[in-house]
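Colleague: generate a structure from the sequence data that follows.
(chains A and B)
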Number of protein chains: 2
Amino acid sequence: MTIAHNKDATPAYTALCAHWQRMYRLGHVLSIAGVDRETLMPSGGNAARAAAMAEMDGLIHGLRTQADLEQRLNAAAEESLDDDARANLREMHREWFDANALPGELVERKTLAAANCTHAWRTQRAANDWPGFLGNFREVLAIAREEAEFLSRQSGLAPYDALLERYEPGMRGATLDVIFGNLKTWLPDLIQRAIARQAQHPTLVPQGPFNDAAQRAIGPELMQLLGFDLNAGRLDESTHPFCGGVPEDVRITTRYSTDNILQSVMGVIHETGHARYEQNLPREWLGQPIANARSMGIHESQSLSFEMQLARSPAFVGILSPLLAKHHGAQAAFATDQLTRLLTQVKPGLIRVDADELTYPLHVILRYEIERGLIEGEIEADEIPEQWNRRMQDWLGLNTRGDFRNGCLQDVHWSEGLFGYFPCYTLGAMYAAQWFATMRRAMPELDQCIANGDLSPVFDWLKANIWSQGSRWPTDELCRRASGETLNPAYFRAHLEGRYLA
Amino acid sequence: MTIAHNKDATPAYTALCAHWQRMYRLGHVLSIAGVDRETLMPSGGNAARAAAMAEMDGLIHGLRTQADLEQRLNAAAEESLDDDARANLREMHREWFDANALPGELVERKTLAAANCTHAWRTQRAANDWPGFLGNFREVLAIAREEAEFLSRQSGLAPYDALLERYEPGMRGATLDVIFGNLKTWLPDLIQRAIARQAQHPTLVPQGPFNDAAQRAIGPELMQLLGFDLNAGRLDESTHPFCGGVPEDVRITTRYSTDNILQSVMGVIHETGHARYEQNLPREWLGQPIANARSMGIHESQSLSFEMQLARSPAFVGILSPLLAKHHGAQAAFATDQLTRLLTQVKPGLIRVDADELTYPLHVILRYEIERGLIEGEIEADEIPEQWNRRMQDWLGLNTRGDFRNGCLQDVHWSEGLFGYFPCYTLGAMYAAQWFATMRRAMPELDQCIANGDLSPVFDWLKANIWSQGSRWPTDELCRRASGETLNPAYFRAHLEGRYLA
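Modeller: Here you go, the predicted model:
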């Protein structure tokens, strides 16, 4: 696989590749400074770091919006390119469009409003201060609507679709309506049935305190078991766990809780899923946009393949169980059946990031419906709490009235002006189910392999079908090539019913 | 203190300040990526990091060599600037000269030859392979001579002085000849007398193994005692200890040895000296060259003020002694008098970085005389071992014949093409002695204060006279303002005789 067979015959395209490689290298340095900020930087360094990273951001943005790029992209399109190069050019064009679609003054207004709103949100959330938040948020929403209108005119997509396109290219609100609409018809009932079944067996909770050093030791061991290349990445600690760095040096983080051993363990597994995608993006293309991960939904499908599909399967819990006992001493809650029960426990709650596999999609659909209404002007900012409460009540039976902190103030996304991102979480869960259904079809003995400690069939399949493909294909085509069909939510339903009702 | 009173009246100068601030911010990001490389980066990330940092280096170099800068510097010189702004412009001009003096092709040849030579040196040193090293080094030396000639023509300085100017502006080979010439007349004899005196009292060596966690705990405690702002910097681990990062977030490193507790302790004290200089550079000027540390020699005078002047004084050892006992348990070698003896033990050896305070200057003078001869064409590359051995024999009574590994192959400087740097180490030791002599003149009770655990007089003096001054004054003027006279090596002699003969 090469990007351009004959450099002399494709001068415009070849020069664009060099331009993108330059941005990739500068982005590497910026990314590492960002990882350092989250993991090591003392708070006194914050102001200087923010200024330095903003300068660097601006510099890279300047390269992305260079005046001659449109003309150079057009010139490259006239050249004789092979299929890979043409796919790379398609992704260059997409990145160029994203960076250039909005006028600079709109981007500046958005950045400022989002920074104000998010900064205040940190204290307003703690203070349950919805009116205070609303004061800033109206401005963020007004700009987001303007942005969506602007992108809509440029792209010909509907306003919400134009936002969605940045995170999940090719996905449309109309498709989400069908997928999520279907989910709503059976998921709340499935949740109730699962809860009723689980009520018959009490769940043991592992008893802490869990030794700090033992928790730190288990992370790299798990990562190695999951195929993470510790020579090309590492595990550190941060307040909010993430997967960052660069494909050649992937940094994941976790946080440790003295009482909750599984928080760090499952967090490491989740981030390792993201990390293996990054570590196995096509090496020969690194530096070019064709080598990037396909989309946010596909990225999440990797973390959830690891965390939900693989790690919560009874076969894998059979491996996890002795590992926990080895590092933290044996206890009844670590027994395979107990641990499986705990890892699949269904418990409707107010907080999305703490939600279990079964209730999580409803948190996402709630946000999707509200944010789409907000962007399309069908919902106004001050109606959010009522819209929120109605859905929490209907779908999970929870009253959130007056509890803004654990309701509509819980996420940072909207204060950041990030609309169109939430659906990716549940799309990721659906894709992950589809990947595993495909694997099991091809390898009926898959779970036996996993139970025997041989995870290679899972990794081989993901590497061949997802990781190594980067952004070679549009998402639907990637999915079709991997699984024989485009996204089919039936696999997700079958997975959930199999796990929670069988 | 302001940099420009009236921005409208000084448009060229004001624009230059913005240009330098931009480079400072980009340099921040690059610096942090460099710290990460030395402290956290797994080896698999090296190739991508090298490419990314080279791209960033090139970008910043492009800003330093921007075609219009000379004209803009000249325009600023015509503007009505206050004294601070004029000093800043002087430093801008110096940086501009350094970056622009050499033709690009010479810089490229030098970079390539140095990289080749240093890469091979890592294995050649271990293999004691002098002829192999010589093969690459001849090229490095030829380019360094060319470089010195070029800089000499541009600056009007003698060739070796033109190299020295980059690290120790204002210092000249003629001055070094006088200073080092004088040192040679009395130091070898002083060493012999000190050795004879010390032979009368056996020195106890602390007995390990020293617990890893206890070693890690003592570092930040020492740093805090020495005034390091842990909210604006941190201590990490690396193969070669260094002080890096940025003034707003200073990173120092150490390495731990199970057997040698003092290696890390004295290393941390040394780097903390560098770090406090950086942390206390003038805040209101940060981002401008006037805020930079004055020179390599002055920087070293800070690390050596901490490590040699302060930390090896009996008053400070009285503080260190209980601290070691607290972290590692009491033992006879930790008693104040024993520890003082150990920390001032004189032992001629082959390796510069392991040398004690008394023999260290001879290692430096040896290198100075040889490198000056090399640059001025009076010594050829193949004569180095003989030149080396003669001096080691004459001054320290050590035979290095045939032992290249622990002789002329021990340092990385020359393979890197770094000529003119070595003198800074001993200039730093001399300046440090001068600072402490000045302090004691003004505060006869200084040592009593230190013994009582009050180090603030030392820090207050260094802050007022050195740290806060940045590059406000040329080095001689800085020294005169701080101590009433320019560099006077008599203080160094008095310090050594007081410590080793009294």
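
Colleague: which one is the residue nearest the centre of chain A nearest to, not counting chain neighbours?
Modeller: The residue lying closest to the centre of chain A (CA atoms, centre = their mean) is A:Glu300, at 4.1 Å. Distance criterion CB to CB, 6 or more residues apart in numbering or on different chains; nearest residue to A:Glu300, sequence neighbours excluded, is A:Gly428 at 2.6 Å. C-beta: built from backbone N, CA, C; applies to glycine.

Colleague: A:Asp8: how many residues sit nearby?
Modeller: A:Asp8 has 7 neighbours, counted by other CB atoms under 10 Å in any protein chain shown.

Colleague: before we move on, which element is A:Leu350 in?
Modeller: A:Leu350 is located outside every helix and strand, with elements delineated by DSSP states H and E.

Colleague: so who does the closest residue in space to it that isn't next to it in sequence touch?
Modeller: Leaving aside its chain neighbours, A:Leu350 sits nearest to A:Asn406 (4.1 Å; criterion: CB to CB, 6+ apart). Residues near A:Asn406 by CB atoms under 8 Å, 6 or more residues apart in numbering or on different chains: A:Leu350, A:Ile351, A:Thr400.

Colleague: can you check A:Gln21 too?
Modeller: Residues counted as contacts of A:Gln21 (CB under 8 Å, 6+ apart) are A:Gly287, A:Gln288.

Colleague: over to A:Gly470?
Modeller: Applying CB under 8 Å, 6+ apart, the residues near A:Gly470 are A:Leu281, A:Pro282, A:Trp285, A:Ile290, A:Ala291, A:Asn292, A:Ala293, A:Arg294.

Colleague: if we go to 10 Å?
Modeller: A:87-88, A:91, A:247, A:277, A:280-282, A:285-286, A:288-294, A:478 (CB atoms under 10 Å, 6 or more residues apart in numbering or on different chains).

Colleague: same check on A:Asp212?
Modeller: A:Tyr256, A:Thr258.

Colleague: measure it to chain B for me?
Modeller: Using CB to the nearest CB, to the nearest Å, A:Asp212 is found at 12 Å from chain B.

Colleague: who wins for neighbours among the contacts of A:Asn406?
Modeller: A:Thr400 leads these on contacts (other CB under 10 Å) with 20 neighbours.

Colleague: ok, now how distant is the residue of the stretch 401-502 of chain A found nearest chain B from B:Ile298?
Modeller: Residue nearest to chain B within the stretch 401-502 of chain A: A:Gly470 (16.2 Å; CB to the nearest CB). Note on A:Gly470: its distance to B:Ile298, by CB to CB, to the nearest Å, is 51 Å.

Colleague: hey, where'd the strands end up in the stretch 151-300 of chain A?
Modeller: A:233-237, A:243-246, A:249-254 (DSSP state E, counting those that start in this stretch).

Colleague: if we can go back for a sec, which of the contacts of A:Gly470 are close to chain B?
Modeller: A:Pro247, A:Leu286 (CB under 10 Å from any CB of the partner chain).

Colleague: so which of the contacts of A:Gly470 are in helices?
Modeller: Among these, the ones falling in helices (DSSP state H) are A:Ala87, A:Asn88, A:Glu91, A:Tyr277, A:Leu478.

Colleague: for those residues, which one is nearest chain B?
Modeller: When the ones in helices among the contacts of A:Gly470 are compared against chain B (criterion: CB to the nearest CB), the nearest one is A:Tyr277, at 16.7 Å.

Colleague: how far away from the center of its chain is stretch A:24-34?
Modeller: In terms of CA atoms, centre = their mean, to the nearest Å, the centre of stretch A:24-34 is found 20 Å from the chain centre.

Colleague: residue contacts, A:Asn399?
Modeller: A:Leu350, A:Asn389, A:Met392, A:Gln393, A:Gly407.

Colleague: of those - the most surrounded one?
Modeller: Tallying neighbours with other CB under 10 Å puts A:Met392 at the head of the contacts of A:Asn399, with 23 neighbours.

Colleague: could you measure from that one over to A:Ile351?
Modeller: If you go by CB to CB, the gap between A:Met392 and A:Ile351 works out to 11 Å.

Colleague: and for A:His495?
Modeller: A:His495 is 23 Å from A:Ile351, by CB to CB.

Colleague: what of A:Lys7?
Modeller: Counting by CB to CB, the gap from A:Lys7 to A:Ile351 is 53 Å.

Colleague: A:Val178 too?
Modeller: Taking CB to CB, one finds A:Val178 at 28 Å from A:Ile351.

Colleague: again with A:Ser483
Modeller: Counting by CB to CB - A:Ser483 and A:Ile351 are separated by 32 Å.

Colleague: what parts of the stretch 251-400 of chain A come near chain B?
Modeller: Contact residues (CB under 10 Å from any CB) of the stretch 251-400 of chain A with chain B: A:Arg251, A:Gln279, A:Leu286, A:Gly287.

Colleague: max pairwise distance over these: which two?
Modeller: With CB to CB as the measure, no two of those lie farther apart than A:Arg251 and A:Gly287, at 18.8 Å.

Colleague: the closest residue to A:Phe242 other than its chain neighbours: what's it in contact with?
Modeller: Leaving aside its sequence neighbours, A:Phe242 sits nearest to A:Thr253 (CB to CB, 6+ apart; 5.6 Å). Counting by CB under 10 Å, 6+ apart, A:Thr253 makes contact with A:35, A:38-39, A:219, A:234-244, A:267-268, A:271.
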